[in-house]
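Q: structure for this input, please:
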Amino acid sequence: MNIHDQIRSNQRRSILLVIIFFCLIGVLSAFLGIFLGNIIFGLVIGMIFAVIYTIIVFNSGGNMILTMTGAKPVTKQEFPHLYHTVEGLTLAAGLKNIPKCYVIEDSALNAFATGKNSENSCIVVTTGLMKVLNRQELEGVIAHEMSHIKNQDIKVMMLAAVLVGITVLISDFLLRSLIFGKRDDEAGNAKIVLIIVGVLLAILAPLIAELIKLGISRKREFLADADGAKLTRYPRGLADALRKISQDPDPLVDNANKATAHLFISTPFRNTKGWFTGLFSTHPDIKIRIQILEEM
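A: The predicted structure is shown next:
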(Lines give C-alpha, C1' and ligand atoms only; values in the text may rest on other atoms or scores of the structure.)
Protein backbone atom coordinates (compact mmCIF):
# COMPACT_ATOMS: atom_id res chain seq x y z
CA MET A 1 0.00 0.00 0.00
CA ASN A 2 1.55 3.34 -1.05
CA ILE A 3 1.24 6.61 0.87
CA HIS A 4 -1.81 7.83 -1.08
CA ASP A 5 -3.62 4.53 -0.54
CA GLN A 6 -2.75 4.74 3.15
CA ILE A 7 -4.12 8.30 3.33
CA ARG A 8 -7.43 7.18 1.78
CA SER A 9 -7.53 4.16 4.09
CA ASN A 10 -6.97 6.37 7.12
CA GLN A 11 -9.70 8.75 5.99
CA ARG A 12 -12.21 5.90 5.58
CA ARG A 13 -11.20 4.44 8.94
CA SER A 14 -11.51 7.83 10.62
CA ILE A 15 -15.02 8.34 9.21
CA LEU A 16 -16.00 4.90 10.54
CA LEU A 17 -14.58 5.70 13.98
CA VAL A 18 -16.43 9.04 14.10
CA ILE A 19 -19.66 7.17 13.27
CA ILE A 20 -18.89 4.75 16.13
CA PHE A 21 -18.33 7.75 18.41
CA PHE A 22 -21.75 9.20 17.57
CA CYS A 23 -23.39 5.79 18.02
CA LEU A 24 -21.79 5.59 21.47
CA ILE A 25 -23.05 9.09 22.29
CA GLY A 26 -26.49 8.08 21.00
CA VAL A 27 -26.62 4.98 23.24
CA LEU A 28 -25.55 7.03 26.27
CA SER A 29 -28.20 9.67 25.46
CA ALA A 30 -30.86 6.97 25.07
CA PHE A 31 -30.04 5.46 28.47
CA LEU A 32 -30.11 8.94 29.97
CA GLY A 33 -33.53 9.46 28.38
CA ILE A 34 -34.82 6.21 29.90
CA PHE A 35 -33.93 7.39 33.39
CA LEU A 36 -35.38 10.84 32.69
CA GLY A 37 -38.62 9.17 31.62
CA ASN A 38 -38.45 9.65 27.83
CA ILE A 39 -35.92 7.96 25.55
CA ILE A 40 -36.64 10.35 22.62
CA PHE A 41 -36.11 13.35 24.89
CA GLY A 42 -32.75 11.94 25.99
CA LEU A 43 -31.64 11.30 22.40
CA VAL A 44 -32.65 14.80 21.22
CA ILE A 45 -31.00 16.57 24.18
CA GLY A 46 -27.85 14.45 23.87
CA MET A 47 -27.46 15.08 20.12
CA ILE A 48 -28.19 18.81 20.40
CA PHE A 49 -25.61 19.09 23.17
CA ALA A 50 -23.09 17.09 21.08
CA VAL A 51 -23.53 19.33 18.03
CA ILE A 52 -23.29 22.61 19.97
CA TYR A 53 -20.30 21.39 22.01
CA THR A 54 -18.55 20.18 18.85
CA ILE A 55 -19.02 23.49 17.01
CA ILE A 56 -17.79 25.60 19.93
CA VAL A 57 -14.78 23.48 20.94
CA PHE A 58 -13.79 22.55 17.37
CA ASN A 59 -13.58 26.20 16.34
CA SER A 60 -11.77 27.39 19.46
CA GLY A 61 -9.79 24.21 20.22
CA GLY A 62 -6.58 25.30 18.47
CA ASN A 63 -6.26 28.46 20.56
CA MET A 64 -7.15 26.53 23.71
CA ILE A 65 -4.36 24.00 23.01
CA LEU A 66 -1.80 26.78 22.41
CA THR A 67 -2.79 28.42 25.70
CA MET A 68 -2.74 25.12 27.62
CA THR A 69 0.76 24.24 26.39
CA GLY A 70 2.18 27.72 26.95
CA ALA A 71 3.05 28.15 23.25
CA LYS A 72 4.00 31.68 22.18
CA PRO A 73 4.01 33.11 18.63
CA VAL A 74 7.45 34.00 17.28
CA THR A 75 8.68 36.20 14.45
CA LYS A 76 10.96 35.45 11.53
CA GLN A 77 13.59 37.71 13.10
CA GLU A 78 13.62 35.65 16.30
CA PHE A 79 13.83 32.20 14.68
CA PRO A 80 14.74 32.66 10.99
CA HIS A 81 15.76 29.02 10.43
CA LEU A 82 12.45 27.74 11.82
CA TYR A 83 10.52 30.12 9.57
CA HIS A 84 12.51 29.28 6.44
CA THR A 85 12.08 25.55 7.09
CA VAL A 86 8.31 25.91 7.56
CA GLU A 87 7.99 28.08 4.42
CA GLY A 88 10.01 25.67 2.26
CA LEU A 89 8.11 22.59 3.41
CA THR A 90 4.78 24.38 2.92
CA LEU A 91 5.67 24.74 -0.76
CA ALA A 92 6.84 21.11 -0.93
CA ALA A 93 3.55 19.94 0.63
CA GLY A 94 1.51 22.01 -1.84
CA LEU A 95 -0.31 23.96 0.86
CA LYS A 96 -1.70 27.41 0.10
CA ASN A 97 -1.28 28.86 3.59
CA ILE A 98 1.95 28.86 5.61
CA PRO A 99 1.32 27.54 9.15
CA LYS A 100 2.02 29.99 11.96
CA CYS A 101 5.11 29.31 14.08
CA TYR A 102 4.97 28.95 17.86
CA VAL A 103 7.60 28.06 20.44
CA ILE A 104 7.36 26.50 23.91
CA GLU A 105 10.10 27.45 26.35
CA ASP A 106 10.99 23.94 27.50
CA SER A 107 14.15 21.81 27.48
CA ALA A 108 12.23 18.70 26.35
CA LEU A 109 12.63 17.69 22.70
CA ASN A 110 9.18 17.79 21.13
CA ALA A 111 6.87 19.42 18.59
CA PHE A 112 3.28 19.28 17.39
CA ALA A 113 0.85 20.75 14.86
CA THR A 114 -2.66 21.93 15.61
CA GLY A 115 -5.58 23.87 14.14
CA LYS A 116 -8.99 23.12 12.66
CA ASN A 117 -7.75 22.87 9.05
CA SER A 118 -4.79 23.60 6.77
CA GLU A 119 -5.90 27.22 6.33
CA ASN A 120 -5.86 27.79 10.11
CA SER A 121 -2.91 25.75 11.34
CA CYS A 122 0.26 26.23 13.31
CA ILE A 123 3.43 24.30 14.09
CA VAL A 124 4.81 24.37 17.62
CA VAL A 125 8.32 23.35 18.66
CA THR A 126 10.14 23.44 21.99
CA THR A 127 13.28 25.52 22.43
CA GLY A 128 15.05 22.34 23.54
CA LEU A 129 14.32 20.73 20.18
CA MET A 130 15.83 23.61 18.22
CA LYS A 131 18.95 23.65 20.39
CA VAL A 132 19.71 19.93 20.05
CA LEU A 133 18.70 19.03 16.47
CA ASN A 134 20.79 19.90 13.43
CA ARG A 135 19.31 21.40 10.25
CA GLN A 136 18.32 18.12 8.57
CA GLU A 137 16.85 16.66 11.77
CA LEU A 138 14.74 19.76 12.44
CA GLU A 139 13.58 19.69 8.83
CA GLY A 140 12.51 16.06 9.33
CA VAL A 141 10.45 16.95 12.40
CA ILE A 142 8.80 19.95 10.70
CA ALA A 143 8.03 17.76 7.65
CA HIS A 144 6.34 15.24 9.96
CA GLU A 145 4.14 17.98 11.44
CA MET A 146 3.48 19.46 7.99
CA SER A 147 2.24 16.04 6.89
CA HIS A 148 -0.26 16.04 9.76
CA ILE A 149 -1.58 19.34 8.39
CA LYS A 150 -1.58 18.22 4.73
CA ASN A 151 -3.33 14.92 5.49
CA GLN A 152 -5.97 16.69 7.65
CA ASP A 153 -4.83 14.76 10.72
CA ILE A 154 -5.12 17.90 12.84
CA LYS A 155 -8.81 18.16 11.97
CA VAL A 156 -9.48 14.47 12.70
CA MET A 157 -7.57 14.51 15.99
CA MET A 158 -9.30 17.70 17.10
CA LEU A 159 -12.67 16.13 16.34
CA ALA A 160 -11.70 12.90 18.13
CA ALA A 161 -10.68 14.87 21.24
CA VAL A 162 -13.99 16.78 21.14
CA LEU A 163 -16.03 13.58 20.85
CA VAL A 164 -14.14 12.00 23.75
CA GLY A 165 -15.01 15.09 25.81
CA ILE A 166 -18.69 14.79 24.90
CA THR A 167 -18.72 11.09 25.78
CA VAL A 168 -17.12 11.76 29.16
CA LEU A 169 -19.59 14.56 30.00
CA ILE A 170 -22.70 12.56 29.04
CA SER A 171 -21.33 9.46 30.83
CA ASP A 172 -20.73 11.51 33.96
CA PHE A 173 -24.26 12.96 33.83
CA LEU A 174 -25.74 9.48 33.32
CA LEU A 175 -23.73 8.06 36.22
CA ARG A 176 -24.82 10.88 38.54
CA SER A 177 -28.45 10.38 37.48
CA LEU A 178 -28.21 6.67 38.34
CA ILE A 179 -26.50 7.23 41.69
CA PHE A 180 -28.34 10.28 42.95
CA GLY A 181 -31.65 9.91 41.10
CA LYS A 182 -34.90 8.85 42.72
CA ARG A 183 -35.08 5.20 43.73
CA ASP A 184 -38.04 2.94 42.95
CA ASP A 185 -38.27 0.56 45.89
CA GLU A 186 -40.64 -1.70 43.94
CA ALA A 187 -38.44 -1.87 40.82
CA GLY A 188 -38.59 -5.22 39.07
CA ASN A 189 -35.75 -7.37 37.85
CA ALA A 190 -35.80 -5.67 34.42
CA LYS A 191 -35.34 -2.25 36.00
CA ILE A 192 -32.46 -3.51 38.15
CA VAL A 193 -30.74 -5.03 35.11
CA LEU A 194 -31.25 -1.76 33.22
CA ILE A 195 -29.63 0.20 36.04
CA ILE A 196 -26.64 -2.19 36.15
CA VAL A 197 -26.18 -1.92 32.37
CA GLY A 198 -26.47 1.86 32.59
CA VAL A 199 -23.79 2.06 35.29
CA LEU A 200 -21.43 -0.21 33.34
CA LEU A 201 -22.00 1.80 30.17
CA ALA A 202 -21.38 5.11 31.96
CA ILE A 203 -18.10 3.76 33.38
CA LEU A 204 -16.83 1.97 30.25
CA ALA A 205 -17.90 4.48 27.57
CA PRO A 206 -15.14 7.04 28.34
CA LEU A 207 -12.52 4.26 28.27
CA ILE A 208 -13.81 2.97 24.93
CA ALA A 209 -13.85 6.51 23.53
CA GLU A 210 -10.28 7.12 24.68
CA LEU A 211 -9.08 3.86 23.10
CA ILE A 212 -10.72 4.86 19.80
CA LYS A 213 -8.96 8.24 19.90
CA LEU A 214 -5.60 6.67 20.68
CA GLY A 215 -6.08 4.12 17.90
CA ILE A 216 -6.55 6.97 15.42
CA SER A 217 -3.50 8.80 16.80
CA ARG A 218 -1.07 5.85 16.64
CA LYS A 219 -2.01 4.92 13.07
CA ARG A 220 -1.50 8.46 11.81
CA GLU A 221 1.98 8.79 13.32
CA PHE A 222 3.35 6.12 10.98
CA LEU A 223 1.78 7.85 7.99
CA ALA A 224 3.15 11.26 9.01
CA ASP A 225 6.63 9.73 9.34
CA ALA A 226 6.44 8.28 5.83
CA ASP A 227 4.89 11.36 4.26
CA GLY A 228 7.36 13.62 6.07
CA ALA A 229 10.25 11.59 4.68
CA LYS A 230 8.72 11.96 1.24
CA LEU A 231 8.63 15.77 1.61
CA THR A 232 12.31 16.04 2.58
CA ARG A 233 13.52 13.15 0.39
CA TYR A 234 15.76 12.26 3.35
CA PRO A 235 14.23 9.72 5.80
CA ARG A 236 17.47 9.63 7.80
CA GLY A 237 16.89 13.19 9.03
CA LEU A 238 13.65 12.29 10.83
CA ALA A 239 15.07 8.94 11.98
CA ASP A 240 18.05 10.69 13.63
CA ALA A 241 15.72 13.28 15.16
CA LEU A 242 13.49 10.58 16.65
CA ARG A 243 16.58 8.81 18.02
CA LYS A 244 17.68 12.00 19.83
CA ILE A 245 14.13 12.54 21.07
CA SER A 246 14.00 8.96 22.42
CA GLN A 247 17.29 9.56 24.28
CA ASP A 248 16.09 12.79 25.89
CA PRO A 249 16.91 12.47 29.63
CA ASP A 250 13.93 14.66 30.56
CA PRO A 251 11.16 14.22 27.92
CA LEU A 252 8.45 15.72 30.14
CA VAL A 253 6.89 18.82 28.57
CA ASP A 254 5.84 20.84 31.62
CA ASN A 255 2.47 22.07 30.32
CA ALA A 256 1.47 18.88 28.48
CA ASN A 257 -1.49 16.85 29.72
CA LYS A 258 -3.58 13.87 28.61
CA ALA A 259 -5.81 16.10 26.47
CA THR A 260 -2.87 17.33 24.35
CA ALA A 261 -0.43 14.37 24.53
CA HIS A 262 -1.63 12.77 21.28
CA LEU A 263 -0.63 15.87 19.30
CA PHE A 264 3.10 15.71 20.02
CA ILE A 265 5.60 13.93 17.75
CA SER A 266 6.60 11.79 20.74
CA THR A 267 4.89 11.21 24.09
CA PRO A 268 5.51 14.30 26.25
CA PHE A 269 5.54 12.23 29.45
CA ARG A 270 8.26 10.16 31.07
CA ASN A 271 8.55 6.68 29.59
CA THR A 272 6.66 3.85 31.29
CA LYS A 273 6.58 0.24 30.19
CA GLY A 274 4.01 -2.50 30.33
CA TRP A 275 1.07 -3.92 28.38
CA PHE A 276 -1.51 -1.68 30.08
CA THR A 277 0.43 1.54 29.52
CA GLY A 278 1.06 0.46 25.93
CA LEU A 279 -2.68 0.04 25.40
CA PHE A 280 -3.27 3.66 26.41
CA SER A 281 -0.17 5.02 24.67
CA THR A 282 -0.69 8.00 22.37
CA HIS A 283 2.19 6.94 20.10
CA PRO A 284 3.58 3.75 18.51
CA ASP A 285 6.95 2.45 19.68
CA ILE A 286 9.55 5.02 18.61
CA LYS A 287 12.11 2.28 17.91
CA ILE A 288 9.79 0.76 15.30
CA ARG A 289 9.29 4.20 13.73
CA ILE A 290 13.07 4.69 13.48
CA GLN A 291 13.54 1.22 11.98
CA ILE A 292 10.90 1.83 9.30
CA LEU A 293 12.44 5.18 8.35
CA GLU A 294 15.95 3.68 8.11
CA GLU A 295 14.65 0.97 5.78
CA MET A 296 13.21 3.50 3.32
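Q: contacts only, for Ala224.
A: Contact analysis of Ala224 by C-beta atoms under 8 Å, 6 or more residues apart in numbering lists His144, Glu145, Ser147, His148, Asn151, Asp153. (Each C-beta comes from the backbone N, C-alpha and C, glycine too.)
Q: that one should be in a strand, yeah?
A: No - according to DSSP: H, G, I helix; E, B strand; the rest coil, Ala224 belongs to no strand; its state is helix.
Q: and the gap between it and Leu200?
A: Ala224 is 36 Å from Leu200, where distance means C-beta to C-beta, to the nearest Å.
Q: pretty sure Leu129 is touching Glu105, no?
A: No - between Leu129 and Glu105 there is no contact under C-beta atoms under 8 Å: 11.6 Å.
Q: of these two, who's got more company?
A: Leu129 (27 against 12; other C-beta atoms under 10 Å).
Q: what about that one, which helix or strand?
A: Using DSSP states H and E, the element containing Leu129 is helix 127-132.
Q: following that helix, which helix or strand comes up?
A: Taking DSSP H and E as the definition, the helix or strand right after helix 127-132 is helix 135-150.
Q: quick one: buried residues of that following helix?
A: Judged by neighbour count (16 or more other C-beta atoms under 10 Å), helix 135-150 contains these buried residues: 137-150.
Q: off-centre distance for it?
A: Relative to the centre of its chain, helix 135-150 is centred 17 Å away, using C-alpha atoms, centre = their mean, to the nearest Å.
Q: that one packs against which elements?
A: Helix 135-150 sits against helix 80-93, strand 111-117, strand 120-126, helix 127-132, helix 153-180, helix 189-232, helix 235-246, with contacts defined as 3 or more C-beta pairs under 8 Å, 6 or more residues apart in numbering; DSSP states H and E.
Q: what's next to stretch 142-151, contact-wise?
A: By C-beta under 8 Å, 6+ apart, stretch 142-151 touches 7, 10, 82, 85-86, 89-90, 92-95, 99, 111-113, 115, 118, 121, 123, 125, 153-154, 157, 220, 223-225, 227-229, 231-232, 238, 265.
Q: cutoff 6 Å now
A: 7, 85-86, 89, 93, 111, 113, 118, 121, 123, 154, 224, 227-228, 231-232, 238, 265 (C-beta atoms under 6 Å, 6 or more residues apart in numbering).
Q: could you list the low-pLDDT ranges of the stretch 151-296 of the chain?
A: Judged by pLDDT under 70, the stretch 151-296 of the chain has its weakly predicted residues at 178-195, 197-199, 201-202, 205-206, 208-217, 270-282.
Q: kindly recompute the last result at 90.
A: 151-224, 226, 249-286, 288, 292, 295-296 (pLDDT under 90).
Q: and the stretch 1-150 of the chain, by the same measure?
A: Where the stretch 1-150 of the chain drops to pLDDT under 90, the residues are 1-65, 67-69, 75-78, 115-120.
Q: name the nearest residue to Leu32, ignoring sequence neighbours.
A: Gly42 (4.4 Å; C-beta to C-beta, 6 or more residues apart in numbering).
Q: from Leu174, how far off is the one you found?
A: According to C-beta to C-beta, Gly42 and Leu174 sit 9 Å apart.
Q: please identify every residue contacting each of the two.
A: The contact sets of Gly42 and Leu174 overlap at Leu32 (C-beta under 6 Å, 6+ apart).
Q: those two: who's more crowded?
A: Leu174 (27 against 23).
Q: isn't that one right up against Leu32?
A: Yes - Leu174 lies in contact with Leu32 (C-beta atoms under 6 Å); the separation is 4.9 Å.
Q: grab the nearest non-local neighbour of Phe112.
A: Spatially, and ignoring its direct neighbours in sequence, Phe112 is nearest to Leu263 (4.0 Å; C-beta to C-beta, 6+ apart).
Q: what number of residues lie near the one you found?
A: If we define neighbours as other C-beta under 10 Å, then Leu263 has 25 of them.
Q: what's near enough to touch Lys244?
A: Listed by C-beta under 6 Å, 6+ apart, the contact partners of Lys244 are Val132.
Q: and the nearest residue to Val253 once chain neighbours are set aside, which of the three is it?
A: Closest residue in space to Val253, ignoring its immediate chain neighbours: Pro268 at 3.8 Å, by C-beta to C-beta, 6+ apart. At Pro268 the chain is in coil, as set by three-state DSSP.
Q: distance check, Pro268 against Gly37.
A: 45 Å.
Q: the two: which is more packed in?
A: Per other C-beta under 10 Å, whichever of Pro268 and Gly37 has more neighbours is Pro268, with 27 against 8.
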